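Visitor: mind folding the following:
(2 chains)
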Amino acid sequence: MPDVNVIIDGKSVAVPPGTNIVDAARHADVAIPVFCYHPKMKPVGMCRMCLVEVWTPRIDPATRQVVMGPDGLPQMALMMNKLQAACVTPVSDGMVIKTTTEKVKFAQRGVLEFLLTSHPLDCPVCDKGGECPLQNLTMQWGPEVSRFDYADKVHFEKPVKLSDVIYLDRERCILCSRCVRFQDDIAGDSVLGFDNRGRSWEIISKSEPGFDSKFSGNTTDICPVGALTNADFRFRARVWEVRSTPSVCTHCSVGCNLTIDARQNKLMRIMPRENDTVNEIWLCDKGRMGQRFFESVTRITTPMVRHNGKLVESTWEDALNRIASNMANIVERSGNNAVAGLISDNLPNEDLYAFRKLISDVYGSASLDHRLGLLTDVSIDDAPLQVGVGRDTNLMTIGKGTSVLVIAADPEEEAPVYLLRLRGIQSRGGAVHVVNSFATKLGKTASSDTRIAQGGESAFALAFLKQVVDAQAATGFERRLRGLDEVRQQLAKHSLESLLATAGISADQLKKVVDAYMTASNSIIMYGRTALQIGAAVTQNLASAAMITGKCGKANNGLIALTNGANTIGATALGIRPAKGGANANEMWSQAEQGQLRGLFIVGIDPAGKSERVAQALEAVAKHGFVAVQSMFMSETAKRADVVLPLMATAERDGTITNAERRVQRFRTATAAPAAMMPTWQVCATVAEYATASVSNGRTAVASGWNYAVTSDVTDEIASAQARFAGVTYTSLDLSINSWGRQTNELFYYDGTSYSNSEGLGVQLASIADDSNAPLHTAAVAPVVYEPKGEFTMLMQMPVRAYDGGEWSTDSKLASRQVTAHVVLSVADASRWGIAIGDLVALSSPVGSALVRAQIDAGLAEGQVLLPDVAGAPTNLALGAYTRVSVRRAE
Amino acid sequence: MLGALIKGLSTTFKYLFKKPVTVEYPEVKRPVRERFRGRHELKRFENGMERCIGCALCAAACPSDAILVIPAENNPAAPNSPGERYAARYEINMLRCIFCGYCEDACPTNAIVLEHQYELSFYDRKSSIYDKSMLLVAVDKGHGEIPPVLQQLNRRPSPPAQIDL
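Guide: All right, here's what the predicted structure looks like:
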């Protein structure tokens, strides 16, 4: 449809049909004040602040023709003969809008005077003061004085705690319903509502516990007054006193852009920073209120070395020298692979790169990993690097004609902001098809929610591939495909019926999902932890389906893996994985038990805290060899180390990080570390330098090329050494473009909502599929089957919980929301074993047993057991993604 | 020449029998004007509560960045000030202060007042920072009165400050 031409305050502007007047005015650089309207939500016209004069060409009722005036121009008529709310009035051709007439000004003054009748005017103590749309709009459009008596204001008790983190001040509320609509439409947690009427009209929380949503913090941003405030920032500082530093969240694989607001070197608050391709303007509560851990007093601030069996404080020089000489000695005596490295995949690219360089180039070891070495570890997944969503993918722009298949994932728990993004795709007309073995929040409102049998993910993936291969017409992609014949042979071995039986779904259910995937113009497959734990049987089959259908290598098509770490994609790409002949994390612990592993460098992870077996293996290494640990807290792993180095927090340093969509983003130093500290890349560089000094034979390579002065030196080296990262430098990462709707008068729309992104949108790495000549290797992998063994008849999995009580929750206001260890059983199983909610349950698997409190979920199938992976949950049971267990009531 | 000498001495003798304009400071101190801007005081309400609500508008108004306010939430059972918020830390660096009185103007509760004390000297820079315990008046002092400036203009303080005025 052609654009509609309208004239706003004398400025002519062409906008798409259906645009409302507020948005159209923004294109003409005209500010229409609003309270209830928010560009991310549907207009409701509640606050009446946007009243404007709307003139339309007069239509003759008899002829339905435009009436022409004597001057040859159409005669204009005031719409409805009164002022119109601009947010709910769509533009039409020839419309003339006047926003500055006396009539409009009178209405605006009136609306503000009414809104302020009950406002307590406590701006000096209000956390919104300084970035408050009500303040700003009153200053620009409001009356100078009120005719209402100050003493006549209605007062309420303040504040009302909607939850532990969100406080409501009813006096300040102007009842615009932005928060209610955000929760209903965007977050999908309908936990807020209106209560009473008239002057007692108020916002209430309808959930137990109060305001039970993972996105509650966003309502404080979009609140146009100080009615909803964040307990995390309550009275910490005034907003103009804080210094904002652009950063990136490292709590999950989304990589949300955020701003660290600090004052006097202390974190005051976290605010979202707008990035359409990552988090739009939203942030989950974990990212917003779970960032105080690095200011905890329990943090390690000085290096420690073991002296007479005890860890004592030391200097950086001494500690690093010990690491260098001990590791070099081990390499000399026991060979290169006697040394191994484990590093967290939450750390920035620079650290990962330098760590790999230290372990594999200097020490020559092939044993390197970013996982913990537990039986439940995820597999190393190359699919996102091969056929991950194509370059220039922007989930915010796609809607109609999009199909997203979410399989074996729970986005709300694994990567919360993806829930908002997927719901956004759906609200714009796209389809989201959820396939999971248990109910997820996304599934409740998705286009379809297919419940597959537990452990049926790999059978589903193969059935999906089989259907795709059978139905696929020529795409022109065939010339790039390799191994298609093997795929066909492999698929012929499995009948669709048996696969469907294992997956526990009907042929129709599968067909629906496959059809949606094949017919959509943009198709994305998203999978999560369970899929990654099962490994290639799910991920490779899905990747092959994306290759064969050609749904990869172009924007908005491909795979998204919700990885464990914030930088797992970076770790995989930068070689934090066992090389040929090297041991993976699991094998490292076996080698440790056998005494083959002598030197271990662990950065940023706590495997010993997760597993008793690993703790013992680690002690064995420490006893016969040498263990260095860089850690933020005195973890179980750090306690067993010979040298402990403090780890720097993201907020205290700069670097780059790669998110689930392969977008590399830069974060900057926001606060100073509590003591002199080194980031990991610098630790690696210094150890390499000392190692060179202490080297005595040819086994330890002489360090060269370690001349890094600042972090960006490492970034530049990655860009030149790693083809995939070519061009990813601080300069390119800092580029940003004007985002949606940011216009000259943004102040009046987004105040306090989020900060516009002038600090860089990041750079998306190319996938292999993005290169139009690169071959794509397809394969079909046989499904994994979990046979019952003797008494172990129930199938247990360990789903992710966002509020898992990990290190990040230290000092967080979300403490009360942390999930405690529990096991979820089906109603049938619970009644069979006589288990009630809260009962102690004895869980046994072939490798261990534990006692856990029970929860019962009517949505689970018989034989299904969920043991959420949270702090305190038993880790000695699971053998992988799924484990056969037995359950009985503990006496 | 003699004439000039007599002229000069006559001035001397004239002043010899006049009351001197100087005073023997510091034994004798001259009263300052009503609107003199000296050392700050943090006032209280009649009920003994602190007027300061920790809004930090004084710090925002201060042209020399001399004021530091760290707010905190009042304990509802034993509040320091009316409302939800109070100043947990309140410091003025008297070396930085230029005694312009903008803080007084900015204060919504008339908590900070530049009083008449002008003898401010320090042996070291650290001691030039006056903290809340030094600035806050005693519980039974400094409440209730409309500030002299407003009295002269026949105006009442802004509404939030009217709490017990």
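Visitor: contacts only, for whichever residue of the stretch 701-850 of chain A sits closest to chain B.
Guide: With Cβ to the nearest Cβ as the measure, the residue in the stretch 701-850 of chain A that lies nearest chain B is residue A:813; the distance is 13.0 Å. The way it works is simple: take the backbone N, C-alpha and C, and place the C-beta from them, glycine included. For residue A:813, the contacting residues are A:164, A:165, A:231, A:232, A:289, taking Cβ atoms under 8 Å, 6 or more residues apart in numbering or on different chains as the criterion.
Visitor: nearest to chain B, of the residues you listed?
Guide: Nearest to chain B among those, with distances taken as Cβ to the nearest Cβ, is residue A:231, at 9.5 Å.
Visitor: so the closest one touches residue A:168, yeah?
Guide: No: here residue A:231 lies out of contact with residue A:168, judged by Cβ atoms under 8 Å, at a distance of 11.0 Å.
Visitor: what is the burial count for the residue of the stretch 251-400 of chain A found nearest chain B?
Guide: When distances are taken as Cβ to the nearest Cβ, the stretch 251-400 of chain A approaches chain B most closely through residue A:264, which lies 8.3 Å from it. By other Cβ atoms under 10 Å in any protein chain shown, the residues close to residue A:264 number 12.
Visitor: pLDDT score for it?
Guide: Residue A:264 is assigned a pLDDT of 93 by the prediction.
Visitor: if we can go back for a sec, between residue A:231 and residue A:168, which has more neighbouring residues?
Guide: The neighbour count for residue A:231 versus residue A:168, taken as other Cβ under 10 Å, is higher for residue A:168 (27 against 20).
Visitor: next one: the lengthiest helix in chain B to chain centre, how far?
Guide: Secondary structure assigned by DSSP state H gives helix B:2-16 as the longest helix of chain B. Put simply, helix B:2-16 sits 44 Å off its chain's centre (Cα atoms, centre = their mean, to the nearest Å).
Visitor: now the following helix or strand past it, how far from the centre of its chain.
Guide: Scanning forward in sequence from helix B:2-16 by DSSP states H and E, the next helix or strand is strand B:40-42. Distance of strand B:40-42 from the chain centroid (Cα atoms, centre = their mean) equals 5 Å.
Visitor: hmm, strand B:40-42 touching chain A?
Guide: No: in this structure, strand B:40-42 remains apart from chain A according to Cβ under 8 Å from any Cβ of the partner chain; the gap is never smaller than 14.9 Å.
Visitor: near chain B, which residues of chain A show up?
Guide: For chain A, the contact set with chain B under Cβ under 8 Å from any Cβ comprises A:121-122, A:124-125, A:129, A:150, A:158-159, A:234-238, A:240-241.
Visitor: quick one: which of those residues sit in helices?
Guide: Secondary structure from DSSP H places none of these in helices.
Visitor: just the buried members of these?
Guide: Neighbour-count burial within those applies to A:121-122, A:124-125, A:129, A:158-159, A:234-238, A:241; the criterion is 16 or more other Cβ atoms under 10 Å in any protein chain shown.
Visitor: list the residues that contact residue A:20.
Guide: Contacts for residue A:20 (Cβ under 8 Å, 6+ apart) come out as A:37, A:43, A:86, A:87, A:88, A:89, A:90, A:91.
Visitor: show me where the stretch 51-200 of chain A has its helices.
Guide: In chain order, the stretch 51-200 of chain A shows helices spanning A:102-115, A:133-141, A:178-181, with DSSP state H, counting those that start in this stretch as the criterion.
Visitor: what do you get for chain B?
Guide: Counting by DSSP H, the segments of chain B that form helices are B:2-16, B:57-61, B:102-106, B:132-135, B:148-152.
Visitor: what residues sit buried inside the shortest one?
Guide: Within helix B:132-135, the residues that qualify as buried by neighbour count (16+ other Cβ under 10 Å) are B:132, B:135.
Visitor: what ranges in chain A fall below the confidence cut-off?
Guide: A:693-704, A:737-756 (pLDDT under 70).
Visitor: ok, the residue of it found nearest chain B to residue A:149 distance?
Guide: When distances are taken as Cβ to the nearest Cβ, chain A approaches chain B most closely through residue A:124, which lies 3.3 Å from it. Summarising the geometry, the distance separating residue A:124 from residue A:149, computed by Cβ to Cβ, to the nearest Å, is 21 Å.
Visitor: go on, residue A:690?
Guide: Residue A:690 sits at a distance of 76 Å from residue A:149 (criterion: Cβ to Cβ).
Visitor: neighbour-wise, which of those two wins?
Guide: When neighbours are counted by other Cβ under 10 Å, residue A:690 and residue A:149 differ, and residue A:690 comes out ahead with 20 against 8.
Visitor: surely that one meets residue A:322?
Guide: No: taking contacts as Cβ under 8 Å, residue A:690 lies outside contact range of residue A:322: 9.2 Å.
Visitor: residue A:358 should be in a helix, yeah?
Guide: Yes: secondary structure assignment (DSSP: H, G, I helix; E, B strand; the rest coil) places residue A:358 inside a helix.
Visitor: surely it is in contact with residue A:684?
Guide: Yes: proximity of residue A:358 to residue A:684 meets the contact threshold set by Cβ under 8 Å, at 4.2 Å.
Visitor: look at these two and report which has more neighbours.
Guide: Under the criterion of other Cβ under 10 Å, the comparison of residue A:358 against residue A:684 puts residue A:684 first, with 33 against 30.
Visitor: just the buried residues of stretch B:109-124, please?
Guide: By 16+ other Cβ under 10 Å, the buried positions in stretch B:109-124 come out as B:109, B:110, B:111, B:112, B:113, B:114.
Visitor: so who does the third one touch?
Guide: Contacts for residue B:111 were tallied using Cβ under 8 Å, 6+ apart; they are B:42, B:43, B:50, B:51, B:52, B:53.
Visitor: and the second one, how many residues sit next to it?
Guide: When counting by other Cβ under 10 Å, one arrives at 24 neighbours for residue B:43.
Visitor: okay, it and residue B:113: tell me how far apart.
Guide: Residue B:43 sits 6 Å away from residue B:113, taking Cβ to Cβ as the criterion.
Visitor: ok, the third one next?
Guide: According to Cβ to Cβ, residue B:50 stands 13 Å off from residue B:113.
Visitor: give me every residue in chain B lying close to chain A.
Guide: Proximity of chain B to chain A is assessed by Cβ under 8 Å from any Cβ, with B:53-57, B:59-60, B:70-73, B:83-85, B:108-109, B:159-160 identified as the residues in range.
Visitor: from those, which land in strands?
Guide: B:70, B:71, B:72, B:73, B:85 (DSSP state E).
Visitor: residue contacts, the closest residue to residue A:561 other than its chain neighbours?
Guide: Spatially, and ignoring its direct neighbours in sequence, residue A:561 is nearest to residue A:384 (4.7 Å; Cβ to Cβ, 6 or more residues apart in numbering or on different chains). If a contact means Cβ under 8 Å, 6+ apart, then residue A:384 has A:559, A:560, A:561, A:563, A:569, A:572, A:660, A:662, A:767 as its contacts.
Visitor: which SS class is residue A:384?
Guide: The local conformation at residue A:384, judged by three-state DSSP, is helix.
Visitor: for the most centrally placed residue in chain B, list the residues it contacts.
Guide: For chain B, the residue nearest the mean C-alpha position is residue B:114 (1.7 Å; Cα atoms, centre = their mean). Listed by Cβ under 8 Å, 6+ apart, the contact set of residue B:114 reads B:36, B:37, B:38, B:39, B:40, B:99, B:101, B:103, B:104.
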